[in-house]
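> Model the following, please.
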Amino acid sequence: MGGYIAFEILRQAPERVDRLALLDTSARPDTPEQTRRRNDLIALARSGRLDDVADLLFPLLVHQSRHGDAGARELVRRMADETGPEAFVRQQQAIIGRPDSRPGLGAIACPTLVLVGDGDELTPPALSAEIAAGIPGARLVEVAGSGHLSTLDQPEQVTRALVEWLQA
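Residues are numbered from 1 along each chain as shown. Just a heads-up that it's a prediction; the model follows:
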């Protein structure tokens with residue numbers, strides 16, 4: 001959700017943003033199919049089945065090489081538990097209602113890093129390339145061996161990219 005929040009801040013107060021890092025996100029609004037899927041997940045969460053939500057999302061969140069990683073699966077479940085069903089529902093509803101941020105990309109004037117996992121199934125690399133192409137001077141980094149949770153899948157590569165960008 002961080003990228004969606006960043007886009008909203010840029011709409012409301014762009015002068016307050018000095019640098020921008022967008023990790024595994026999209027500037028597009030939800031498609032009808034994405035909204036249907038989110039509504040199904042909301043229904044599961046509301047019915048007390050948040051663990052099922054985490055299990056359904058897991059293969060979309062981590063790189064395919066980690067689909068059998070019990071530790072990563074447990075971490076995703078723990079993240080869901082710590083978020084809780086009410087917050088999860090609010091997050092999904094906010095994501096469903098987000099506006100199209102593509103028209104404002106050209107107005108972003110601060111140094112921008114756009115980072116994406118090469119195996120991100122929720123927000124595929126093409127969506128990050130679209131963002132980077134729309135922001136003047138943006139730097140695009142594709143992280144090998146990473147899914148949507150790039151900071152979980154490849155923390156060293158993500159940290160290195162962020163440090164290099166901050167020092168540039």
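
> which SS state does Gly68 fall under?
coil (DSSP: H, G, I helix; E, B strand; the rest coil).

> pLDDT wise, what is the residue lying farthest from the centre of the chain at?
For the chain, the largest distance from the centre (CA atoms, centre = their mean) belongs to Ser47, which lies 25.2 Å off. Listed pLDDT for Ser47 reads 97.

> now swap in Met1 and tell me
Met1 is given a pLDDT of 87.

> Excluding residues flanking it in the chain, which one is nearest it?
Leaving out its chain neighbours, the residue that sits closest to Met1 by CB to CB, 6 or more residues apart in numbering is Gln91, at 5.8 Å. Every C-beta, even on glycine, is put in place using the N, C-alpha and C of the backbone.

> hang on, the one you found is in a helix, isn't it?
Yes: counting by three-state DSSP, Gln91 is part of a helix.

> does Leu23 have beta-bridge partners, and which?
Beta-bridge partners recorded for Leu23 (DSSP bridges): Leu115.

> shouldn't it be in contact with Leu122?
No: judged on CB atoms under 8 Å, Leu23 makes no contact with Leu122 at a distance of 11.9 Å.

> who's more crowded, the two?
Just comparing Leu23 and Leu122: by other CB atoms under 10 Å the higher neighbour count belongs to Leu23, 24 against 16.

> ok, so what distance separates the more buried one from Ser47?
Going from Leu23 to Ser47 by CB to CB, to the nearest Å gives 31 Å.

> Kindly report the same for Gln92.
14 Å.

> same check, this time on Leu140
From Leu140 to Ser47 the distance is 40 Å (CB to CB).

> gap between Gly84 and Gln92?
13 Å.

> These two: who's more crowded?
Gln92 (20 against 12).

> And the pLDDT for the more buried one?
97.

> contacting residues for it?
By CB atoms under 8 Å, 6 or more residues apart in numbering, the contact set of Gln92 is 38-39, 41-42, 45.

> Show the buried residues in those.
Neighbour counting with 16 or more other CB atoms under 10 Å marks 38, 41-42, 45 as buried within the contacts of Gln92.
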